[in-house]
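Enquirer: Next input, structure requested:
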Amino acid sequence: MDTLNMVQFGKRVREARKAAKMNQEELAHLAGVNRPNLAKLERASKPYVRADTVYRLALALGVSADYLLGLPAPAAVDGEARHG
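Expert: Just a heads-up that it's a prediction; the model follows:
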């Protein structure tokens, strides 16, 4: 079983935050997480991230959870495109 690459996750969160022109405090507030926890995630100094945190960060950043997690784009289901 593969494990989540926390370095890649942190890098993607940081890049998406900067692209959205937010500082850590602003993103933490929008996502409902505390800033020290967000900083640890961006530095990959936490061994895991909770699913609800991924979800809230993705919503606040306007990206998919799949993107943050480094997953490939989802395939079409029954001929319909899926949106993340």
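Enquirer: so what pLDDT did the most centrally placed residue in the chain get?
Expert: Closest to where the C-alpha atoms of the chain average out (Cα atoms, centre = their mean) is Leu68, at 3.7 Å. The model reports Leu68 with a pLDDT of 96.
Enquirer: What's the first helix or strand after the top helix by length along the chain?
Expert: Longest helix in the chain, counting residues (DSSP state H): helix 6-19. Remark: after helix 6-19, the chain's next helix or strand is helix 24-31, criterion DSSP states H and E.
Enquirer: For the nearest residue to Gln8 once chain neighbours are set aside, give me the backbone phi and psi.
Expert: Counting by Cβ to Cβ, 6 or more residues apart in numbering, Gln8 lies nearest to Gly70, which is 4.8 Å off, once chain neighbours are set aside. C-beta coordinates here come from the backbone N, C-alpha and C atoms, glycine included. Backbone torsions of Gly70, given as degrees, to the nearest 10, read phi 80, psi 20.
Enquirer: can you tell me how far Gly70 sits from Lys21?
Expert: Counting by Cβ to Cβ, to the nearest Å, the gap from Gly70 to Lys21 is 23 Å.
Enquirer: Which one's more surrounded, these two?
Expert: Gly70 (13 against 7; other Cβ atoms under 10 Å).
Enquirer: returning to what we had before: from memory the residue nearest to Gln8 sits against Met6, does it?
Expert: No - taking contacts as Cβ atoms under 8 Å, Gly70 lies outside contact range of Met6: 10.3 Å.
Enquirer: What residues does the residue nearest to Gln8 make contact with?
Expert: Leu4, Asn5, Gln8, Phe9, Arg12 (Cβ atoms under 8 Å, 6 or more residues apart in numbering).
Enquirer: in terms of contact, does the fourth one touch Ala44 like I think?
Expert: Yes - A contact is recorded between Phe9 and Ala44 when judged using Cβ under 8 Å, the distance being 7.2 Å.
Enquirer: Tell me which of those two has more neighbours.
Expert: Taking other Cβ under 10 Å, Phe9 and Ala44 do not tie; Phe9 has more neighbours (21 against 17).
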